[in-house]
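In: Next comes the sequence, and after it the predicted model I'd like to discuss.
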Amino acid sequence: MAFVLEVTRWFGDRANWRGETGLGNLVIEHLTVSAVALALAMVVALPLGLGLGHLGRGGVVAVNVANVGRAVPSFAVLVIALQLSSIGTTPTVVALVALAVPPMVTNCWVGMRQVDADVREAARGMGMTGRQLFRSVELPLALPVVMAGVRTAAVQVVATATLAALVGYGGLGELIVLGLRTGDDVEVFAGAATVAVLALVTEVGLGLAQRALTAEPLRHRAFPGAPGEAVPRPA
C-alpha cells in the first residue's frame with residue numbers, strides 16, 4: 001500500500017512532468033520514435049506482403065521472414081545498428097523497424113491467400129483486371145488480418161521502444177534506466193506503467209480503426225478476438 005501511495009505521489013508531482021526529462025516530453029519522444037519506425041515498417045512490409053499474397057507466391061519468404069523476426073532479439077539488432085551509425089535515433093529506428101516488419105509481412109500474405117478461390121474466379125469472370133481484383137476484392141477481404149498484423153507490430157514497437165534509452169535517444173526507457181541506476185523503484189515502476197498504458201491505448205485504438213475499416217459483413221469474423229500474428233504455410 002505504501003508503494004502505491006509513493007507511485008501516486010510521483011505521478012502527482014508536477015516536477016516529474018516538466019523539462020526535457022519530464023514525463024510529458026519522454027512520452028512524446030517515445031511515441032515519436034514508435035510512429036516513425038511503424039510508418040517505415042509499413043512502407044516496406046505492406047507492399048511486399050500484399051504483393052506476394054496477390055501473386056500467390058513467396059510463402060517460403062513469408063515463413064522465413066516471420067521466423068527470423070521471432071529469432072533475432074531487438075537488443076541484438078540495436079547493438080548491430082549502433083556499430084554502423086551513431087548513438088541516438090538511427091539505431092533505435094532500425095531495431096524497431098526490424099521488429100515490426102515480420103508480423104506485417106506474415107499477416108498480409110496470409111490475409112491475401114485466405115481469400116476464397118471461388119471469389120477470385122467470379123471476379124475474373126466479371127472481367128476484372130488483376131489490379132481491380134486486388135483493389136476491389138482481395139484487399140477488402142484481407143483487411144482484417146492485415147490490420148491485425150499492424151496492431152501486433154505497433155504494440156510490440158511501443159513496448160520495445162524503451163530500448164532507445166540504451167543508445168542515448170530518450171523516451172520512457174530513460175525513467176527505467178535512471179531508476180535502476182539510482183535504486184528508485186518508484187521511478188522504474190512509473191516508466192514501466194506508462195509504457196504499458198501506451199501499449200494498451202495503441203491496441204485499443206488500432207482495434208477500433210480495424211473495426212471501422214472492415215466491411216460490415218466481415219466484422220463478425222474479425223471481432224471479438226481479432227487474430228494477432230498469423231502463421232503462414234509455405235506455398
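Out: Here it is on my side, so go on.

In: how many other residues sit next to residue 12?
Out: Neighbour count for residue 12, taken as other C-beta atoms under 10 Å: 9. For every residue, glycine as well, the C-beta is placed using N, CA and C.

In: OK, contacts around residue 41?
Out: 96-97, 100-101, 104, 153, 157 (C-beta atoms under 8 Å, 6 or more residues apart in numbering).

In: go again using 10 Å as the cut-off
Out: Counting by C-beta atoms under 10 Å, 6 or more residues apart in numbering, residue 41 makes contact with 93, 96-105, 150, 153-154, 157.

In: so how far is residue 61 from residue 22?
Out: Distance of residue 22 to residue 61, computed by C-beta to C-beta, to the nearest Å: 44 Å.

In: quick one: which of those two has more around it?
Out: The neighbour comparison of residue 22 against residue 61 (other C-beta under 10 Å) goes to residue 61, with 17 against 13.

In: how far away is the more buried one from residue 153?
Out: Note on residue 61: its distance to residue 153, by C-beta to C-beta, is 18 Å.

In: what do you get for residue 186?
Out: Taking C-beta to C-beta, one finds residue 186 at 31 Å from residue 153.

In: Repeat that for residue 117.
Out: For residue 117, the distance to residue 153 - C-beta to C-beta - is 28 Å.

In: more neighbours, those two?
Out: The neighbour comparison of residue 117 against residue 153 (other C-beta under 10 Å) goes to residue 153, with 29 against 9.

In: nearest residue to the more buried one other than its sequence neighbours?
Out: residue 100 (3.9 Å; C-beta to C-beta, 6 or more residues apart in numbering).

In: mean confidence score for the helix or strand hosting residue 47?
Out: Residue 47 is located in helix 23-55, with elements delineated by DSSP states H and E. Per-residue pLDDT values across helix 23-55 average out to 92.

In: Would you mind listing the buried residues in it?
Out: For helix 23-55, a neighbour-count test (16 or more other C-beta atoms under 10 Å) marks 23, 25-27, 29-31, 33-34, 36-38, 40-42, 45-46, 48-50, 52-54 as buried.

In: try stretch 179-190
Out: Buried residues in stretch 179-190 (16+ other C-beta under 10 Å): 179, 186-190.

In: again with stretch 83-97
Out: Quick answer for stretch 83-97 (16+ other C-beta under 10 Å): 89, 91-97.

In: Which one of those residues is nearest to residue 211?
Out: Residue 211 lies nearest to residue 96 out of those, by C-beta to C-beta, at 25.6 Å.

In: wait, doesn't the closest one sit right on residue 36?
Out: Yes. Using C-beta atoms under 10 Å, residue 96 is in contact with residue 36, at 8.3 Å.
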